[in-house]
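In: Need the 3D shape of this:
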Amino acid sequence: MEEQPIQLSPAAAKRVDLIARKQGKPAILRLAVEGGGCSGFQYRFGLTDAIEADDVSVETDGVTLAVDTISLDLVRGSVVDYVESLGGAAFKVENPNAAAGCGCGSSFAV
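Out: Below is the predicted model of the structure:
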């Protein structure tokens, strides 16, 4: 079996499915990397209606994670998870390419 370039955890898939159902949208989560944030790059999440031609997509429990090929270069090998803690709940990217990150976990440097 070929290893996937990025993974969506079952917890993240469950949360995306719940949000998509509430909003009446397809269960497709888009992850993009943009310049900015306190460490140089930041993650942007959002539901999308379709997978674009230049996207790489993976599926977990019927939920699709879509990443454009430029962003994928910065997050290859990552796991997108959903974590709940005393500080709140959020999607989190466990990125092996990140050399540094910020305290909130939403930005990183390579």
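In: show me where this structure has strands.
Out: Assigned by DSSP state E, the strands in the chain fall at 7-8, 28-35, 41-47, 55-60, 63-68, 79-85, 88-94, 100-101, 107-109.
In: of all these, which lies closest to residue 17?
Out: Residue 17 sits nearest to strand 63-68 of all these, at 5.3 Å, using Cβ to Cβ. For every residue, glycine as well, the C-beta is placed using N, CA and C.
In: Work out the sheet partners of the closest one and label each with its direction, please.
Out: strand 28-35 (parallel), strand 55-60 (antiparallel) (DSSP bridges).
In: Now residue 50: phi and psi?
Out: phi -150, psi 160 (degrees, to the nearest 10).
In: Output the strands paired with strand 63-68 in JSON lines; the columns should cover distance to residue 7, mean neighbour count and mean pLDDT.
Out: Converted to JSON lines, those look like this (distance: least, Cβ to Cβ, whole Å; neighbours: other Cβ atoms under 10 Å; pLDDT from 0 to 100):
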{"stretch": "strand 28-35", "distance to residue 7": "11", "mean neighbour count": "19", "mean pLDDT": "93"}
{"stretch": "strand 55-60", "distance to residue 7": "6", "mean neighbour count": "16", "mean pLDDT": "96"}
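In: will you turn the ones you listed into a markdown table that also has distance to residue 19?
Out: Formatted as a markdown table, these follow (distance: least, Cβ to Cβ, whole Å):
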| stretch | distance to residue 19 |
| --- | --- |
| strand 28-35 | 9 |
| strand 55-60 | 15 |
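In: In contact with the residue nearest to residue 63 when sequence neighbours are not counted, which residues?
Out: Of all residues not flanking residue 63 in the chain, residue 13 sits nearest, at 3.9 Å (Cβ to Cβ, 6 or more residues apart in numbering). If you count contacts by Cβ atoms under 8 Å, 6 or more residues apart in numbering, residue 13 has them with 27, 60-63.
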